[in-house]
Structures are given as structure tokens and as C-alpha cells.
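Engineer: Quick one, what's the 3D model for this:
(one chain, ligands or ions: 2)
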Amino acid sequence: MKVVLQNLTKKFPSRNKKSDDEVIAVNNFNFEIPDGKLIGLLGPSGCGKSTALNLISGLISPTSGRILFGDDDVTNLPPENRGVGLVFQSYALYPHLTVKQNIMFPLQNLKGSERPSPEEMERRVLEAAKLVQIENLMERKPGEMSGGQQQRVAIARAVVKMPRVLLLDEPLSNLDARLRLQTREEIRRIQRDTGITTVFVTHDQEEAMSISDMIVVMKDGVVQQIGKPQDVYDSPVNLFVSKFLGTPPINVFDGKVSGGRVFIGNEAVLDAPRVKDGSVWVGIRPEGFILDENGPFTCALTGVEVMGRDISVVCAHEKNAGAGAIRAIISAENRPADGAKTVRFSLKPYKVFLFNHDTEERIEVK
Ligand code: ADP
Ligand code: MG
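Structural biologist: Ligands and ions are numbered 1, 2, ... in the order given. As a prediction, this is how the structure comes out:
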């Protein structure tokens with residue numbers, strides 16, 4: 001099911017009683033979610049992810065704009081008539097019901113001709129339970145299961161009605177690191193198996209990048225960029241998006257362009273023949289550095305962190321505009337000389353981005 005968001009806007013009255021400024025939680029969101037895809041909705045806390053998801057589910061109604069499922073305008077439909085499955089961070093299972101009863105609950109709530117026969121209900125509950133691999137836990141109560149198992153029950157409950165759209169709001173936040181990895185792969189598999197159009201909300205960029213067909217990066221209610229994870233990573237539209245994706249994060253320097261060359265301090269680190277002179281933010285991905293004793297870019301070496309296959313060369317530079325130290329990821333086979341105080345790099349041009357110093361928009365170098 002294709003989902004179309006048209007000029008979707010949600011304003012809330014201010015929570016601060018003294019101010020009457022309203023909060024624009026979602027600001028003019030436009031996106032056509034392709035049928036059968038998994039979309040990662042990504043951004044820092046408070047950027048409007050949950051609001052956007054709740055608008056799609058119908059739990060809240062928009063201030064303006066429209067939502068279509070396929071050709072159906074669902075903007076004014078209540079959630080129960082939209083055919084959505086919802087999964088939240090807190091599993092919100094019924095504690096006194098067994099796993100089987102929990103999964104069956106949405107089917108028992110169906111009315112009239114929509115309500116399946118008891119045999120059909122049994123069949124569909126078993127099918128949903130198999131999908132999330134909990135079919136051998138059907139008689140347990142939620143309190144007798146791990147967090148990961150409970151979240152699987154919540155997912156089974158959300159898909160048992162075969163929703164037109166599956167909506168997940170930070171569904172893995174309550175799980176420990178290992179379960180989080182495992183469960184996210186599970187969600188990807190379930191989504192592929194069922195082909196249900198899915199929106200997955202998370203503040204964790206790695207989580208979104210790893211399982212999404214497309215990601216939507218939001219900031220302050222405004223969509224910054226939509227694209228395939230790799231494309232957004234390789235070609236961020238602005239400084240915010242470049243900083244939000246990638247671990248370790250991109251390194252940002254206060255630089256300038258002069259005479260067709262990019263300067264960081266007094267070193268010309270890269271050519272940019274078509275960029276006009278002026279101050280720029282220079283973003284360099286950690287994997288964009290090459291250790292090179294004749295390289296144009298010199299940093300003070302402050303440490304080396306072992307990562308196994310790779311090492312992280314930790315550096316300082318007076319033009320570093322980022323919050324943390326500079327990190328260059330290079331193969332463990334080429335470590336800097338023992339006792340070295342400085343280290344020199346050449347740069348991979350496609351791993352270096354220039355941003356306008358004022359607007360922070362990306363500047364095309366080619
Ligand atoms: P996220 O899920 O990305 O953390 P939310 O969508 O929950 O963000 O919130 C977006 C913004 O809208 C925040 O500034 C939040 O404080 C505000 N907001 C959300 N719900 C309400 C509400 N019911 N009343 C007032 N403000 C709200
Ligand atoms: Mg939220």
C-alpha cells in the first residue's frame with residue numbers, strides 16, 4: 001500500500017503557559033512512501049518523528065494537509081478504520097492474557113462480517129506467532145518472557161490483522177544491545193516476508209541505515225532529506241544531515257576556499273576549482289583520510305584507538321569545529337610511527353563535503 005503525505009502539518013499549543021508560541025511539530029511534510037517498502041524516520045529527540053507517525057496512524061489529526069493510503073483519503077478516518085498496525089517502545093501487552101490471547105485480541109475486536117471464524121482466528125494467530133518465532137510460547141503470560149520476546153508478541157499482535165501499513169515507534173529502545181540487533185533483523189525479515197509498507201521511527205542512525213529501504217531525516221519538524229541510506233550518507237544536503245549519519249561522526253573544520261583550493265588553516269587540502277572564495281565548513285568522513293607522509297593536511301596526533309581490523313587515529317587541530325576530537329579510520333596495517341607528534345594525511349575527495357558557512361547547505365564541488 002502506497003502512503004502519500006501531502007503538505008502535512010501539525011501544530012501544538014505551547015506547553016509553556018507564559019508563551020503563546022505554538023510548536024510546529026511537523027512542518028509541511030511531503031512524501032510518497034512506495035508500496036511494500038520499509039522507511040526509516042530518523043532524527044534527534046523532539047524533531048517530530050512520533051507526531052508524524054501518529055498522524056499516519058490517525059491517533060492525532062493534522063492541522064493541515066492530507067494523508068492517502070493508495071487512492072483512499074484517510075485524513076479524517078479514525079485509527080481503527082485505517083488498517084494500521086502499531087508497535088510502540090513499551091510493548092503494552094495485556095499482562096493477564098496469554099501470548100495467544102494477546103495476539104488474538106485485535107481479531108476478537110472486529111465486528112460483523114470482518115470478524116473471522118474461531119478456526120480462522122486460530123490459524124491467523126498461529127501464522128503471526130510463527131512469523132516472529134514465538135509459536136512455542138503461546139500459553140505464557142507477558143511477565144514470564146524476556147523483553148525481546150514481549151516485543152515480538154507486540155509485533156505479532158500488530159500484524160495479525162494484516163494491516164495495510166505497519167507503524168513502529170522506537171520499538172527496540174527497551175532492548176539490550178544484542179537483542180536490539182537481533183530484533184531489528186527480525187523486523188526487516190518480517191517486513192520482507194509480508195510486504196507490508198512499514199514506517200520505522202528511531203533516533204539511532206545506525207539502526208535506521210541498516211534496515212531501511214529509504215530514510216527520512218528530520219530536524220525541528222522539517223524534513224531535511226529523503227533517500228536511500230547510502231545515497232544520503234554519500235551525498236548529504238546540509239551540515240546537519242552529514243553530522244547525523246555515521247559513526248564515528250564526520251569531522252568538521254572551519255575552513256575557506258581561496259583561488260579554487262580548500263584551506264584548513266594555512267594548508268591547501270583539496271582542489272575545488274569551481275567554488276567561489278569565502279568561508280566554508282569542511283566535513284571529512286573518518287574514512288576519508290589516508291595516512292601519507294607527503295600529504296597536504298597536518299594534524300596533532302593525540303592517540304590511536306584499536307578497533308581490530310581498523311584503527312582510529314585521534315587528532316587535534318585548531319580549526320576543528322566539531323564537539324569531539326578528530327577521528328580518522330584507517331587500516332590497522334598502516335599505523336602512524338610510534339612516538340610521532342604529528343600526522344599527515346591526504347584526503348579522498350568524495351569523502352570531503354563543503355558547506356556554506358551561513359546556511360550550512362552543501363556546496364557542489366564539481
Ligand atoms: P520525537 O518523536 O521526534 O522525539 P515528537 O513528535 O514527540 O518528537 O515531538 C515533536 C515536538 O512536538 C516536540 O517539541 C514536542 O515537545 C512537541 N509535542 C509533541 N506532542 C505534543 C503535545 N501533545 N502537546 C504539545 N507539544 C507536543
Ligand atoms: Mg518520539
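Engineer: Other residues contacting stretch 333-353?
Structural biologist: 234, 236, 242, 250, 262, 269-270, 282-285, 287-301, 304, 311, 313, 315, 328, 362, 365 (Cβ atoms under 8 Å, 6 or more residues apart in numbering). Every C-beta, even on glycine, is put in place using the N, C-alpha and C of the backbone.
Engineer: for stretch 217-224, same thing?
Structural biologist: 23-31, 41-44, 47-49, 51-52, 216, 225-226, 232, 237-238, 240-241, 244-245.
Engineer: Check stretch 16-30 too.
Structural biologist: Under Cβ under 8 Å, 6+ apart, the answer for stretch 16-30 is 5-15, 48, 51-52, 55, 62, 65, 220-223.
Engineer: let's see it at 10 Å
Structural biologist: Outside stretch 16-30, the residues that touch it by Cβ atoms under 10 Å, 6 or more residues apart in numbering are 4-15, 41, 46-56, 60, 62-65, 67, 216, 218, 220-223, 226.
Engineer: Out of the contacts of stretch 217-224, which are close to ligand 1?
Structural biologist: V23, A25, G43, C47, G48, K49, T51 (Cβ under 6 Å from any ligand atom).
Engineer: So which of those are in strands?
Structural biologist: Applying DSSP state E to those, the entries found in strands are V23, A25.
Engineer: Buried among the ones next to ligand 1 among the contacts of stretch 217-224? Need that as a selection in ChimeraX.
Structural biologist: Filtering these down to the buried ones (16 or more other Cβ atoms under 10 Å) takes a single ChimeraX command:
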select :23,25,43,47,48,49,51
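Engineer: Which parts of the stretch 201-350 of the chain are strands?
Structural biologist: 214-219, 222-227, 251-258, 261-264, 267-271, 278-284, 289-291, 297-306, 310-316, 326-331, 342-347 (DSSP state E, counting those that start in this stretch).
Engineer: quick one, what contacts the closest residue to P236 other than its chain neighbours?
Structural biologist: Distances taken as Cβ to Cβ, 6 or more residues apart in numbering put S242 closest to P236, at 3.9 Å, once the chain neighbours are dropped. For S242, the contact set (Cβ under 10 Å, 6+ apart) comprises 225, 232-233, 235-236, 249-250, 252, 281, 283-285, 353, 355, 360, 362.
Engineer: try A208
Structural biologist: By Cβ under 10 Å, 6+ apart, the contact list for A208 reads 38-43, 184, 200-202, 214-217, 229, 232, 244-245.
Engineer: if we can go back for a sec, ok, the residue nearest to P236 to L347 distance?
Structural biologist: Separation of S242 from L347 (Cβ to Cβ, to the nearest Å): 15 Å.
Engineer: contacting residues for the closest residue to A154 other than its chain neighbours?
Structural biologist: What sits nearest to A154 in space, not counting adjacent residues and going by Cβ to Cβ, 6+ apart, is Y91, at 4.3 Å. Taking Cβ under 10 Å, 6+ apart, we find Y91 in contact with 102, 142, 145, 147, 149-155, 157, 171, 174.
Engineer: Kindly recompute the last result at 7 Å.
Structural biologist: Y91 is in contact with Q150, Q151, V153, A154, counting by Cβ atoms under 7 Å, 6 or more residues apart in numbering.
Engineer: what ranges do the helices span in the stretch 101-250 of the chain?
Structural biologist: When assigned using DSSP state H, counting those that start in this stretch, the helices of the stretch 101-250 of the chain occupy the ranges 118-131, 147-159, 177-194, 205-211, 229-234, 239-244.
Engineer: Check which helices and strands the longest one sits against.
Structural biologist: Just to be clear, that refers to helix 177-194. Counting by 3 or more Cβ pairs under 7 Å, 6 or more residues apart in numbering; DSSP states H and E, the packing neighbours recorded for helix 177-194 are helix 147-159, helix 205-211.
Engineer: Which of those helices has the highest mean neighbour count?
Structural biologist: Most buried of the helices and strands packed on helix 177-194, by mean neighbour count (mean count of other Cβ atoms under 10 Å): helix 147-159, with a mean of 24.
Engineer: Near P248, how many residues? Count them for me, please.
Structural biologist: 19 (other Cβ atoms under 10 Å).
Engineer: and it, what is it in contact with?
Structural biologist: By Cβ under 7 Å, 6+ apart, the contact set of P248 is P286, S312, R327.
Engineer: Output the set of residues of the chain in proximity to ligand 1.
Structural biologist: So far as Cβ under 6 Å from any ligand atom goes, the chain lies against ligand 1 at F12, R15, V23, A25, G43, S45, G46, C47, G48, K49, S50, T51.
Engineer: and the third one, what pLDDT?
Structural biologist: The reference is to V23. On pLDDT, V23 comes in at 94.
Engineer: before we move on, the earlier item: out of the strands of the stretch 201-350 of the chain, flag the one nearest G83.
Structural biologist: G83 sits nearest to strand 214-219 of all the strands of the stretch 201-350 of the chain, at 21.7 Å, using Cβ to Cβ.
Engineer: I'd assumed the residue nearest to A154 was in a strand, is it?
Structural biologist: No - per DSSP: H, G, I helix; E, B strand; the rest coil, Y91 lies outside any strand segment and is coil.
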